[in-house]
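**Q** Okay, predicted coordinates and the sequence, questions at the end:
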Amino acid sequence: MLSLPNSIVLGMSAVFGTLMASANIASADAFVKIDGSSTVYPITEAVAEDFQSAKKGAVKVTVGISGTGGGFKKFCRGETDIANASRPILQKEMDDCKKAGVQYVEMPVAFDALTVVVNPRNSWSPTITVAELKKIWEPAAQGNITKWSQVNPAWPDESLKLYGAGADSGTFDYFTEAIVGKAKSSRGDFTASEDDNVLVQGVASDKNALGFFGYAYYVENQKKVKAVAVDGGKGPVLPSAKTVEDGTYQPLSRPIFIYVNIKSAERPEIRQFVEFYMKNAQTLVKEVKFFPLPVQAYTTNLEHLDKKKVGTVFGGRSEVGLRIEELLKREASL
């Protein structure tokens with residue numbers, strides 16, 4: 001058996017160790033970190049699964065759920081590469097990102113229909129007005145509006161059990177602004193969660209429950225919960241692809257987003273992931289029961305990334321009642 005001098009063996013070990021360390025660094029660098037909205041999660045997770053499969057495991061993508069607000073906190077601290085958001089970035093979050101030197105490209109990826117749901121055994125409220133929803137959810141309702149009959153005398157004298165998005169959720173921000181008139185303005189005596197599956201289970205287990213969450217979670221759980229038609233002043237309308245696209249499902253139809261850290265996008269795996277996302281969004285958005293944007297919207301997103309068009313077209317505030325065509329015009333003007 002050939003015996004090598006110790007000096008050569010030690011030298012080879014050092015070289016091998018360096019090569020292994022380099023390989024580990026390269027491997028560790030090939031990751032994409034995403035966190036934020038539970039509403040956007042199914043879309044981004046579907047993209048992540050297909051992307052990782054296409055890359056044959058060479059890139060690791062992690063998708064967390066801490067709510068839109070929680071996701072932006074991490075994003076603006078530079079802890080993640082991409083933020084899932086069910087509302088536009090707010091002024092305080094813009095300020096936090098600016099302080100940390102985090103610049104971002106805003107990319108609308110789909111439309112969602114915030115869906116009001118009740119238990120399938122509820123036979124008395126197939127429709128509900130925005131005024132009735134406000135009566136239920138406004139801060140003054142806390143401890144006062146506790147029965148269905150107090151909302152509408154035609155409804156039963158039964159306890160009203162409420163389930164809704166948590167305070168860190170963009171869904172909570174949007175719902176309260178659309179229904180109550182001010183973001184985060186809400187009664188506090190309800191079961192709150194950033195995890196929509198918790199809300200589904202709550203409504204499914206109580207005949208007197210009412211809740212709200214994204215359309216995809218409703219579609220996936222139609223045997224457990226029932227959608228309520230919302231009357232925004234022009235008659236009751238159920239959420240559907242048609243009513244979202246034609247703008248009649250108001251005021252609970254809204255765009256949802258990802259935000260990409262422009263510095264992260266210099267890394268090839270981030271760039272490749274975002275390109276994969278935009279090129280496959282139309283198909284995958286439909287698969288997970290959201291409403292895709294026209295192809296041009298995804299092309300515009302990639303153009304903004306190419307040209308490093310950072311910032312938001314919303315000026316640090318959310319907007320209620322935005323239609324798809326209005327969103328596209330606004331994003332195109334960035």
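**A** Arrived safely, thanks for sending.
**Q** Next up, phi/psi of residue 176, please.
**A** phi -70, psi -40 (degrees, to the nearest 10).
**Q** In this model residue 137 seems to touch it, though I could be wrong.
**A** Yes - the criterion here is C-beta atoms under 8 Å, and residue 176 meets it with residue 137 at 7.1 Å. Every residue, glycine included, has its C-beta placed from N, CA and C.
**Q** can you give me the helices for the stretch 1-150 of the chain?
**A** 6-29, 41-54, 67-76, 91-99, 130-137, 148-151 (DSSP state H, counting those that start in this stretch).
**Q** Kindly calculate the angle that the fourth one makes with helix 67-76.
**A** Read it as helix 91-99. Orientation check (axes from the mean of the first three to the mean of the last three C-alpha atoms, to 10 degrees): helix 91-99 against helix 67-76 gives 20 degrees.
**Q** by contact count, what packs against helix 91-99?
**A** Counting by 3 or more C-beta pairs under 8 Å, 6 or more residues apart in numbering; DSSP states H and E, the packing neighbours recorded for helix 91-99 are helix 67-76.
**Q** got the contact list for residue 226?
**A** By C-beta atoms under 8 Å, 6 or more residues apart in numbering, the contact list for residue 226 reads 117-120, 122.
**Q** Try it again at 7 Å.
**A** 117-118, 120, 122 (C-beta atoms under 7 Å, 6 or more residues apart in numbering).
**Q** Which of those residues sits closest to residue 217?
**A** residue 117 (8.9 Å; C-beta to C-beta).
**Q** my guess is the closest one meets residue 218, correct?
**A** Yes - with contacts defined as C-beta atoms under 7 Å, residue 117 counts as touching residue 218 at a distance of 5.9 Å.
**Q** Residues in contact with both of those two, list them for me.
**A** With C-beta under 7 Å, 6+ apart as the test, residue 117 and residue 218 both reach 225, 227.
**Q** And stretch 127-139, what's buried?
**A** Residues of stretch 127-139 classed as buried under the neighbour-count rule (16 or more other C-beta atoms under 10 Å) are 128-130, 132-138.
**Q** Contacts for that stretch, please.
**A** For stretch 127-139, using C-beta under 7 Å, 6+ apart, the contacting residues are 116, 141, 145, 151-152, 160, 179-180, 185-187, 228-232, 236, 251.
**Q** Cross those residues against helices and list the overlap.
**A** 151, 179 (DSSP state H).
**Q** Emit the PyMOL select command for whichever of the contacts of stretch 127-139 are buried.
**A** Selecting just the buried residues from the contacts of stretch 127-139 in PyMOL takes one command, with 16+ other C-beta under 10 Å as the test:
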select buried, resi 116+141+145+151+160+179+180+186+187+228+229+230+231+232+251
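**Q** thinking again about what came up before, closest one of the contacts of residue 226 to residue 308?
**A** Using C-beta to C-beta, the contacts of residue 226 come closest to residue 308 at residue 117, 41.4 Å.
**Q** Ignoring the adjacent residues along the chain, who's closest to the closest one?
**A** residue 225 (4.2 Å; C-beta to C-beta, 6 or more residues apart in numbering).
**Q** Surely the one you found touches residue 200?
**A** Yes - under the criterion of C-beta under 7 Å, residue 225 makes contact with residue 200 at 6.1 Å.
**Q** out of those two, which sits in the more crowded spot?
**A** Using other C-beta atoms under 10 Å, the more surrounded residue of residue 225 and residue 200 is residue 225, with 28 against 21.
**Q** Which ones among the contacts of stretch 127-139 lie within strands?
**A** 116, 229-231, 236 (DSSP state E).
**Q** Let me have those in JSON lines, adding distance to residue 36 as columns.
**A** Below are those laid out as JSON lines (distance: C-beta to C-beta, whole Å):
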{"residue": "116", "distance to residue 36": "23"}
{"residue": "229", "distance to residue 36": "30"}
{"residue": "230", "distance to residue 36": "26"}
{"residue": "231", "distance to residue 36": "31"}
{"residue": "236", "distance to residue 36": "32"}
